[in-house]
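A.B. asks: Test case, fold it:
(one chain, ligands or ions: 1)
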Amino acid sequence: MPAGCPRSQGLRGSRREATRYNSPMQVLALNGSPRLEESNSQCLLNPLLAGMQEAGAEVTQHYLAQLSINYCTGCFSCWTRTPGRCAAWRDDMDLLLPQVLAADFLVLSFPLYVYTMPARVKAFLERLLPTIEPWIIPHPTRPGVSTHPAAATVSRPSWSCYPAPGWPSPSISAR
Ligand SMILES: Cc1cc2nc3c(=O)[nH]c(=O)nc-3n(C[C@H](O)[C@H](O)[C@H](O)COP(=O)(O)O)c2cc1C
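C.D. replies: Sure, this is the predicted structure:
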């Protein structure tokens, strides 16, 4: 959290502290592969989630392919007319967004499709727009990079991504 954003810092800090010391870590895992349980993405997830559970975390997992998440329409209503809420769609993001905001840690596992993430994973990321502020600041830890700060009214989890590539050449997979 950047030093210039005390509002966000305060809200995030207090919730994080309460979560860290009083209750188990809440992990939300999303698998972006259409191959569901049989996917390589799930092979990557299974030991990670098992380890997290062993360490006391509470884990919730969804397959994005089983959810209906529409693409962002770019209307910016979630920043203007209906702050924090998508005005364009009533779909499974209504279920997922509160879970994202309640999580301490978000894990995304997905296959590489055409050097990047599958469209359904991208749609999910687009629909996180209401969780960031409309303005841009220097990135707190990456010099020369700009970013949107987390919205003051929400608490976004830390997260990590696990892409499951298929092609053997590092020069193809890592582009
Ligand atoms: C449409 C499509 C595009 C793909 N593009 C890439 C790619 O750019 N790089 C790569 O390494 N693998 C690519 N692959 C291979 C998948 O990433 C690979 O099979 C992956 O392990 C599948 O993971 P999953 O079992 O979790 O679905 C592609 C596969 C498909 C179906």
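A.B. asks: Please count neighbours and contacts with C-alpha atoms only from this point.
C.D. replies: Noted.
A.B. asks: so how far is residue 33 from the residue nearest to residue 136 when sequence neighbours are not counted?
C.D. replies: In this structure, residue 136 finds its nearest non-sequential neighbour in residue 148, 4.5 Å apart by C-alpha to C-alpha, 6 or more residues apart in numbering. Noted for residue 148: a distance of 28 Å to residue 33, by C-alpha to C-alpha, to the nearest Å.
A.B. asks: quick one: which of the two has more around it?
C.D. replies: residue 33 (26 against 15; other C-alpha atoms under 10 Å).
A.B. asks: quick one: which helix or strand includes the nearest residue to the more buried one once chain neighbours are set aside?
C.D. replies: Nearest in space to residue 33, with sequence neighbours left out and distances taken as C-alpha to C-alpha, 6+ apart, is residue 110 at 5.3 Å. Under the criterion DSSP states H and E, the helix or strand holding residue 110 is strand 105-111.
A.B. asks: Check the offset of that strand from the chain's centre.
C.D. replies: 8 Å (C-alpha atoms, centre = their mean, to the nearest Å).
A.B. asks: Now do that strand: which elements does it pack against?
C.D. replies: Counting contacts by 3 or more C-alpha pairs under 8 Å, 6 or more residues apart in numbering; DSSP states H and E, strand 105-111 is packed against strand 26-31, helix 40-54, strand 158-164.
A.B. asks: so of the ones you listed, which one's packed in deepest?
C.D. replies: Comparing these by mean neighbour count (mean count of other C-alpha atoms under 10 Å), strand 26-31 ranks first with a mean of 24.
A.B. asks: which residue is nearest the centroid of the chain?
C.D. replies: residue 106 (5.5 Å; C-alpha atoms, centre = their mean).
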